[in-house]
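Colleague: structure here, sequence nowhere to be found:
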């Protein structure tokens, strides 16, 4: 899975905002803001990565147990799917 082409992240007032460009403006659903962890996940999704690889990256980067990391990652990925920014 990875982020579809045509989306940028901009930092505005200590918050990361997903910005569609070109044709993506038409299909983008709503607004997507990212905290620091969400921005980390977004950067990991810049290249094609499996769910397990992504989870391993999170566990390596943050001091969090696997169950919490999975739950938070699942929420992030569902939000990305709902916003139509994820290519699977």
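Modeller: Noted; the coordinates are in hand. If you're wondering where the values come from, they're calculated on a predicted model, not measured in any experiment.
Colleague: every contact and neighbour count from this point should use C-alpha atoms.
Modeller: Will do.
Colleague: give me the spatial nearest neighbour of the spatially most central residue of the chain, chain neighbours excluded.
Modeller: Geometric centre of the chain, nearest residue: residue 42, 3.6 Å, by CA atoms, centre = their mean. Closest residue in space to residue 42, ignoring its immediate chain neighbours: residue 3 at 7.4 Å, by CA to CA, 6 or more residues apart in numbering.
Colleague: contacts for the lowest-mean-pLDDT helix or strand in the chain next, please.
Modeller: When the helices and strands of the chain are compared on mean pLDDT, DSSP states H and E, helix 24-27 comes out lowest with a mean of 83. Contacts to helix 24-27, defined as CA atoms under 8 Å, 6 or more residues apart in numbering, come from residues 6-7, 84.
Colleague: buried residues in that helix?
Modeller: Across helix 24-27, burial judged by 16 or more other CA atoms under 10 Å covers residue 24.
Colleague: which residues touch the residue nearest to residue 42?
Modeller: 42, 45-47, 85-87.
Colleague: list only buried entries from those.
Modeller: 42, 45, 85-86.
Colleague: longest helix of the chain?
Modeller: helix 66-82 (DSSP state H).
Colleague: okay, buried residues for it please.
Modeller: Buried-residue list, helix 66-82, by 16+ other CA under 10 Å: 69-70, 73, 76-77, 80.
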